[in-house]
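Asker: Here's a sequence, model it:
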Amino acid sequence: MRARGSGRVRAVAAVVAVGLLAVGVGGCSRGPSGRAGTVGASGVSGQAPSDAPGVGAATANATATPLEALPAAVPAALAPYYAQHPEWQPCDGGFECATFRVPLDYERPGDGELMLSAARAAAVPGESAGDPRAGSLLLNPGGPGGSAIEYLEAVAGTYDRTVRARYDLVGLDPRGVGRSNPVSCLSGERMDAFTAADLAPGDQRAIDALVAADKEFAEGCRRQAGPALGHLSTVEAARDMDVLRALLGDERLNFVGKSYGTFLGATYAGLFPGRVGRVVLDGAMDPALDSVAGNRTQAGGFETAWAAFAEDCAKREDCPLGRTQQQVGDQLTALLTAVHAQSLPSSDNGRRLTGSQATTGVVQAMYAEFLWPKLRTALTDARAGDGSGLLKLSDAYYGRSADGSYPNLMFANTAVNCLDLPAPFRSPEDVQRAVPDFERASPHFGRDMAWMALTCAYWPVRATGAAHTIRAAGAAPIVVIGTTRDPATPYDWARSLAGQLESGRLLTYDGDGHTAYGRRSTCVDGAVNRFLLTGEAPEQGKRCDR
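Answerer: Numbers count the residues shown, from 1 in each chain. You can find the predicted model right below:
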């Protein structure tokens with residue numbers, strides 16, 4: 001899921017998401033969305049789709065225009081930014097940290113500046129100490145809104161020793177995120193109200209309350225972020241990465257992006273194809289889909305993940321919802337309907353679990369299989385009248401801390417989404433017309449996910465992006481990874497992106513959960529590490545089983 005906004009996925013790497021929220025290490029804010037290929041009967045049943053690249057989601061939007069590459073030469077007005085000498089200083093955890101300047105607006109570099117923060121873990125000499133250094137490897141966990149610095153701190157020690165011996169690992173917090181001019185919108189108390197707002201409004205009063213919550217969120221962002229709110233797009237973040245590439249002394253950008261990080265990395269490749277080094281895009285997004293198609297098909301992705309959970313749950317003695325996949329699905333529908341009608345008490349200081357939070361809690365657990373046992377327990381408790389478990393899962397999705405505060409990720413997610421694509425819906429009436437299509441894509445989550453996508457209708461700045469394809473003509477091979485039952489970035493997205501990219505190589509992981517690299521698949525990890533170390537991309541269509 002992603003922020004309750006336009007049409008981008010809320011996802012960070014599975015490792016961080018659960019720590020931050022959900023998208024593994026997931027990150028987004030209020031609701032799902034993203035880009036996806038169509039999910040038909042095979043997707044809902046959990047059957048693995050075809051892994052032929054280029055046959056999927058891109059065909060859903062024939063009007064998507066190609067992203068044009070920027071001129072190879074750095075414009076004179078931007079030369080001072082490329083000539084900076086950032087001072088890397090020791091910081092917590094044995095890392096080095098630095099800041100550098102970028103223009104607020106690349107088209108009008110005299111209109112102000114932003115200061116961005118980056119951290120790096122220096123290469124660790126090891127068994128490959130005799131091999132030449134490969135330079136820097138930028139990491140991005142997704143979101144949009146996930147802190148790459150926090151992600152680096154969490155995963156640097158887990159990287160393959162031979163990769164660590166060749167690369168400095170670098171995390172750059174994108175503009176508006178983490179330590180780089182973070183966007184803020186609402187207090188913790190008001191965010192509690194926002195996350196609890198009814199996403200299955202049954203009457204005009206409930207619709208008005210939801211609209212009021214969305215407007216309050218948007219106005220809070222406008223008031224606190226100021227002019228920067230109009231300059232947090234993915235294109236601008238990709239241009240920031242090119243500045244950092246130059247400041248690191250690398251001729252080409254080496255990059256591992258997860259979830260939304262794949263859209264950021266693919267955008268960089270489209271803008272600077274000649275500067276593409278070894279780029280891995282894991283849990284890929286499809287830039288060719290408009291926000292309506294993206295939100296709807298992402299809902300289908302969560303339905304596919306639910307089918308896998310339900311099949312597994314039905315086989316377990318502690319499954320509270322039934323002994324067949326159909327029973328599990330029917331009982332979930334009944335439970336969510338009941339909680340939408342009457343909230344449940346929890347053990348958290350008088351807070352109650354609303355229907356929207358119950359749905360979010362279930363969705364959170366779809367990001368990774370290790371959360372499935374927690375979901376079974378939470379559902380058992382909810383059926384007994386205790387909403388504590390589902391509320392904790394919902395809080396994890398949003399990143400809510402025990403003290404009631406929320407991370408910047410929630411706000412940055414919506415801000416980026418609402419700039420990158422025009423709003424999927426302009427009014428509640430638009431949502432109501434779309435709900436049947438969403439429910440066909442996802443009987444369990446479609447209605448809530450449709451209403452989640454209304455926030456950008458009230459955004460205070462216009463979208464600067466639109467659906468487009470990315471060819472990156474002339475770029476070095478780019479590895480695109482898709483997981484067949486990925487909930488947040490449906491598999492068809494990876495097929496589509498790999499087909500768009502002139503040098504795309506599709507690597508398929510037949511499994512569950514969000515993203516694949518670094519999740520204990522020796523096949524996936526081996527193929528990616530070999531690519532990072534040697535530049536040898538996996539053969540087109542390579543498939544890895546569990």
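
Asker: in this structure, which segments are predicted with low confidence?
Answerer: 1-62, 127-130 (pLDDT under 70).

Asker: where do the strands sit along it?
Answerer: Applying DSSP state E to the chain gives strands spanning 65-66, 89-91, 95-103, 113-121, 135-140, 167-172, 253-258, 276-282, 344-345, 352-353, 468-469, 478-485, 504-512, 542-544.

Asker: Including distance to Gly294 and mean neighbour count, could the ones you listed go into TSV?
Answerer: Heads up, the C-betas are built off the backbone N, CA and C, glycines and all. Formatted as TSV, those follow (distance: least, Cβ to Cβ, whole Å; neighbours: other Cβ atoms under 10 Å):
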stretch	distance to Gly294	mean neighbour count
strand 65-66	17	12
strand 89-91	37	11
strand 95-103	28	19
strand 113-121	27	21
strand 135-140	19	26
strand 167-172	25	26
strand 253-258	17	28
strand 276-282	17	27
strand 344-345	32	18
strand 352-353	28	20
strand 468-469	13	20
strand 478-485	16	28
strand 504-512	19	25
strand 542-544	25	17
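
Asker: how about the ones you listed in JSON lines, adding distance to Gly301?
Answerer: Below are the strands of the chain laid out as JSON lines (distance: least, Cβ to Cβ, whole Å):
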{"stretch": "strand 65-66", "distance to Gly301": "25"}
{"stretch": "strand 89-91", "distance to Gly301": "37"}
{"stretch": "strand 95-103", "distance to Gly301": "34"}
{"stretch": "strand 113-121", "distance to Gly301": "32"}
{"stretch": "strand 135-140", "distance to Gly301": "20"}
{"stretch": "strand 167-172", "distance to Gly301": "27"}
{"stretch": "strand 253-258", "distance to Gly301": "15"}
{"stretch": "strand 276-282", "distance to Gly301": "15"}
{"stretch": "strand 344-345", "distance to Gly301": "27"}
{"stretch": "strand 352-353", "distance to Gly301": "24"}
{"stretch": "strand 468-469", "distance to Gly301": "21"}
{"stretch": "strand 478-485", "distance to Gly301": "8"}
{"stretch": "strand 504-512", "distance to Gly301": "12"}
{"stretch": "strand 542-544", "distance to Gly301": "19"}
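
Asker: end-to-end on stretch 339-356?
Answerer: 9 Å (Cα to Cα, to the nearest Å).

Asker: ok now it, how far from the chain's centre?
Answerer: In this view, stretch 339-356 has its centroid 27 Å away from the chain centroid, taken as Cα atoms, centre = their mean, to the nearest Å.

Asker: now swap in stretch 366-384 and tell me
Answerer: 22 Å.

Asker: Near Ala228, how many residues? Count them for me, please.
Answerer: 17 (other Cβ atoms under 10 Å).

Asker: Am I right that it is in contact with Glu113?
Answerer: No. Using Cβ atoms under 8 Å, Ala228 makes no contact with Glu113, being 10.5 Å away.

Asker: Show me the common contact partners of those two, please.
Answerer: Common contacts of Ala228 and Glu113, defined by Cβ atoms under 8 Å, 6 or more residues apart in numbering, comprise Leu104.

Asker: out of the strands of the chain, nearest to Ser427?
Answerer: In terms of Cβ to Cβ, the element of the strands of the chain nearest to Ser427 is strand 468-469, at 25.6 Å.

Asker: so Gln364 touches Lys374, yeah?
Answerer: No. Taking Cβ under 8 Å as the definition, Gln364 is not a contact partner of Lys374, at 9.2 Å.

Asker: Give me the common contacts of the two.
Answerer: Leu393.

Asker: out of those two, which sits in the more crowded spot?
Answerer: Each of Gln364 and Lys374 has its neighbours counted (other Cβ under 10 Å); Gln364 has more, 29 against 18.

Asker: could you measure the more buried one against Ala358, distance?
Answerer: Per Cβ to Cβ, to the nearest Å, Gln364 is found 11 Å from Ala358.

Asker: Same question for Ala450.
Answerer: On the measure of Cβ to Cβ, Ala450 and Ala358 end up 17 Å apart.

Asker: Show me which positions of stretch 514-527 end up buried.
Answerer: Across stretch 514-527, burial judged by 16 or more other Cβ atoms under 10 Å covers 514-519, 521, 523-525, 527.

Asker: Now tabulate those in TSV and tack on distance to Cys91.
Answerer: Compiled in TSV, these are given as follows (distance: Cβ to Cβ, whole Å):
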residue	distance to Cys91
His514	29
Thr515	27
Ala516	30
Tyr517	26
Gly518	23
Arg519	28
Ser521	32
Cys523	36
Val524	31
Asp525	28
Ala527	33
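
Asker: Narrow those to those in helices?
Answerer: 523-525, 527 (DSSP state H).

Asker: So what's the residue count around Ala193?
Answerer: 15.

Asker: cool, Gly301 as well?
Answerer: Using other Cβ under 10 Å, the number of residues around Gly301 comes to 31.

Asker: Is it correct that it is in contact with Gly482?
Answerer: No. Using Cβ under 8 Å, Gly301 makes no contact with Gly482, being 11.1 Å away.

Asker: Mutual contacts of those two, please.
Answerer: Common neighbours of Gly301 and Gly482 (Cβ under 8 Å, 6+ apart) are Thr489.

Asker: re the thing from before, tell me the one of the ones in helices among the buried residues of stretch 514-527 nearest Ser503?
Answerer: Closest to Ser503, out of all of these and judged by Cβ to Cβ, is Ala527, at 16.0 Å.

Asker: Just to check, the closest one is in contact with Glu539?
Answerer: No. Ala527 is not in contact with Glu539 according to Cβ under 8 Å; the separation is 9.2 Å.
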